[in-house]
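>>> Please work out how this folds:
(one chain, ligands or ions: 1)
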Amino acid sequence: MMIRIIVVFAVTTLFVFFPEIFPRCEYCRKIKLRKCFQFHKSVSLKLTYKGNLSLCKKCCKKYNFTSLDKFRKHMRVEKRIEYTVRYNL
Ligand SMILES: [Zn+2]
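Next up, the predicted model:
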């Protein structure tokens, strides 16, 4: 009985902290170790991947994201380009 409680507790803890230990990059959508990330910030109270905004070092270097604001601007521009391409051709 005691072992069962411990197992349930361990699984719950792992589930809750999994996005903290293995965040997902917001740009390349890859799951990597925490140390591979340059930015990791919780944006809402959700405990899943949706609650965090993370950027891996590789994407930061490749696309020159020096801050999360820069990343947001980049995404906004990218969305606008996609929209223009989709509806103007
Ligand atoms: Zn990435």
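
>>> which parts of the protein sit against the ion?
Neighbours of the ion within the chain, by C-beta under 5 Å from the ion: 25, 27-28, 56, 59. From N, CA and C alone the C-beta is placed, and that goes for glycine too.

>>> try 6 Å this time
By C-beta under 6 Å from the ion, the residues of the chain that approach the ion are 25, 27-28, 30, 56, 58-59.

>>> Weed out the non-buried ones from the residues you listed.
25, 27, 56, 58-59 (16 or more other C-beta atoms under 10 Å).

>>> Farthest-apart pair in the residues you listed, please.
Farthest pair in those (C-beta to C-beta) is Tyr27 and Lys58. Separation: 9.1 Å.

>>> for the protein, where's the lowest mean pLDDT among helices and strands?
Across the helices and strands of the chain, mean pLDDT, DSSP states H and E gives its lowest value to helix 2-21, namely a mean of 89.

>>> Listing partners with orientation, what would you give for whichever helix or strand comes after it?
Next in sequence after helix 2-21, counting helices and strands by DSSP states H and E, comes strand 37-42. Take DSSP bridges as the rule and strand 37-42 pairs in its sheet with strand 52-56 (antiparallel).

>>> Run the angle between the partner strand and helix 2-21 for me.
Angle between the axes of strand 52-56 and helix 2-21 is 60 degrees (criterion: axes from the mean of the first three to the mean of the last three C-alpha atoms, to 10 degrees).

>>> Residues touching strand 52-56, excluding its own?
19-20, 23-28, 30, 32, 36-43, 65, 68, 71 (C-beta atoms under 8 Å, 6 or more residues apart in numbering).

>>> Same check on stretch 34-48?
Contacts of stretch 34-48 (C-beta under 8 Å, 6+ apart): 16, 19-23, 25, 50-58, 60, 65, 67-68, 71.

>>> what about it, start to end distance?
In terms of C-alpha to C-alpha, to the nearest Å, the two terminal residues of stretch 34-48 are separated by 15 Å.

>>> If we go by neighbour counts, what in it is buried?
37-40.

>>> Select, from those residues, the two members most distant in space.
Across the buried residues of stretch 34-48 (C-beta to C-beta), the longest gap, 8.1 Å, separates Gln38 and His40.
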